[in-house]
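*Asks:* when you get a sec, could you give me coordinates for this:
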Amino acid sequence: ADDQMFEEDLDQESHAQTTESVVLEEELPDDYEPTQEEILEYAKWLGMDQDEDKDLYWIAREGLKAPLPENWKPCKTGEDEIYYFNF
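*Replies:* Next comes the predicted model:
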């Protein structure tokens, strides 16, 4: 009975670890301008305070506009999460 339970645990663990990702291509137009909502979301993600750090939002804007470094690609998981990977 213990062997069967162990096998079930392995099946669940291996299933949890098998998420497929798709490598995407970065496609931002030269005149891309992020929305205020995108800037605010990224500023929050960077740890900026919405009230105290408004003078620093230009950093979030520039970060959104900056091209990825060489060999970095956006990737998307099966759950539609985007992450970046250095190939």
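*Asks:* SS state for the nearest residue in space to Leu56 that is not next to it in sequence?
*Replies:* Setting aside the residues directly before and after it, Leu56 is nearest to Met48 in space (C-beta to C-beta, 6 or more residues apart in numbering), at 5.8 Å. (Glycine included, C-beta is placed from N, CA and C.) Three-state call for Met48 (DSSP: H, G, I helix; E, B strand; the rest coil): coil.
*Asks:* number of residues surrounding Met48?
*Replies:* 19 (other C-beta atoms under 10 Å).
*Asks:* now the one 5 residues further on
*Replies:* For Asp53, the number of neighbouring residues by other C-beta under 10 Å comes to 15.
*Asks:* cool, the one 10 residues further on as well?
*Replies:* For Gly63, the tally of surrounding residues (other C-beta under 10 Å) stands at 14.
*Asks:* you'd agree it is up against Leu46?
*Replies:* Yes - using C-beta atoms under 8 Å, Gly63 is in contact with Leu46, at 7.4 Å.
*Asks:* one step back: so who does the residue nearest to Leu56 touch?
*Replies:* Contact analysis of Met48 by C-beta atoms under 8 Å, 6 or more residues apart in numbering lists Leu56, Tyr57, Ala60.
*Asks:* what's the closest non-adjacent residue to Ala60?
*Replies:* Ala43 (4.0 Å).
*Asks:* that neighbour falls within a strand, correct?
*Replies:* No - under the criterion used here (three-state DSSP), Ala43 is helix, not part of a strand.
*Asks:* just to revisit the earlier point, give me the phi and psi for the residue nearest to Leu56.
*Replies:* Backbone torsions of Met48, given as degrees, to the nearest 10, read phi -80, psi 140.
*Asks:* relative to Tyr83, how far out is it?
*Replies:* In this view, Met48 and Tyr83 are 21 Å apart by C-beta to C-beta, to the nearest Å.
*Asks:* next: Asp30.
*Replies:* Counting by C-beta to C-beta, the gap from Asp30 to Tyr83 is 25 Å.
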